[in-house]
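Enquirer: A predicted structure for the sequence below; I have some questions about it.
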Amino acid sequence: MAGRNQEELDLTLLGNQQTQYPFNYAPQVLESFDNKHPYRDYFVKFNCPEFTSLCPITGQPDFATIYISYMPDAKMVESKSLKLYLFSFRNHGDFHEDCMNIIMNDLIKLMDPKYIEVWGKFTPRGGISIDPYCNYGRPGTKYEQMAEHRLMNHDLYPEKVDNR
C-alpha cells in the first residue's frame with residue numbers, strides 16, 4: 001500500500017500555522033511517526049547548519065552544523081519537530097559534547113532506532129574547533145558492532161589522519 005492514511009498523519013506541528021517556538025530546551029516538542037519499512041536497513045540523515053547553544057560559563061553563543069544519521073526501526077522523527085527541538089537549544093547553556101549526547105539520548109528515547117550517530121561541527125573559537133561525535137547501536141545486535149566499528153574508524157580520531 002502506498003501513501004498514509006489520516007490516522008498515520010496525526011502530527012501536531014507539521015502544517016500548523018500557530019507553531020510556538022520554544023525559548024528553552026524542549027524535548028517535549030519531538031514527534032514521531034511509524035516507519036512503513038522497518039524490515040529494511042536504511043539511513044535517514046539530517047543536516048542542521050544553523051545550530052546554536054550557549055557556553056555554560058560565558059553565556060556567549062556557540063554555532064555549529066549538526067549532522068544526524070539514523071537507521072529507523074518502528075518509529076521515525078518528524079522533521080519539523082526536530083527543527084523546533086534543535087532550535088530550542090539557542091538559550092541552553094551546555095558544553096558542545098553534552099549537547100550532542102543530549103540530542104542523541106532524546107532521539108533514542110523518542111524512536112529507539114537500530115543505529116544513530118550525532119556529530120556537531122562547531123565554528124572555531126579562539127583558533128580551535130570542537131567536533132564532538134557520538135553514536136549508538138542497539139545492544140546485542142549487528143548495529144552495536146556497527147557503532148563500535150564506526151567509532152573506531154571515524155575521521156575525528158587524530159591517529160587516523162595522515163598529516164604528510
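Expert: Alright, I've got the coordinates.

Enquirer: CA only for contacts and neighbour counts going forward, please
Expert: Fine.

Enquirer: show me where this structure has helices.
Expert: For the chain, the helices defined by DSSP state H cover 79-87, 96-111, 142-153.

Enquirer: can you tell me which of the ones you listed comes nearest to residue 64?
Expert: Nearest to residue 64 among these is helix 96-111; the distance by Cα to Cα comes to 9.1 Å.

Enquirer: Show me the shaky parts of the chain.
Expert: 1-18, 154-164 (pLDDT under 70).

Enquirer: Let's see that with 50 instead.
Expert: For the chain, the stretches flagged by pLDDT under 50 are 1, 157-164.

Enquirer: Tell me which residue lies nearest the centroid of it.
Expert: residue 68 (4.2 Å; Cα atoms, centre = their mean).

Enquirer: ok, and the closest non-adjacent residue to that one?
Expert: In space, and not counting its chain neighbours, residue 68 is closest to residue 118: 4.6 Å by Cα to Cα, 6 or more residues apart in numbering.

Enquirer: For residue 105, see how far away that neighbour is.
Expert: To residue 105, residue 118 is 10 Å away according to Cα to Cα, to the nearest Å.

Enquirer: Any idea how far stretch 129-142 is from the middle of the chain?
Expert: Stretch 129-142 sits 11 Å away from the centroid of its parent chain (Cα atoms, centre = their mean, to the nearest Å).

Enquirer: wait, I meant stretch 29-43
Expert: With Cα atoms, centre = their mean as the basis, stretch 29-43 stands 14 Å off its chain's centre.

Enquirer: For it, list every residue counted as buried.
Expert: 29-32, 34, 38 (16 or more other Cα atoms under 10 Å).

Enquirer: sorry, back to before: between residue 118 and residue 105, which one's more packed in?
Expert: Comparing residue 118 with residue 105 by neighbour count (other Cα atoms under 10 Å), the higher total belongs to residue 118, at 24 against 16.

Enquirer: Including distance to residue 24, could the helices of the chain go into TSV?
Expert: Formatted as TSV, those follow (distance: least, Cα to Cα, whole Å):
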stretch	distance to residue 24
helix 79-87	9
helix 96-111	13
helix 142-153	31
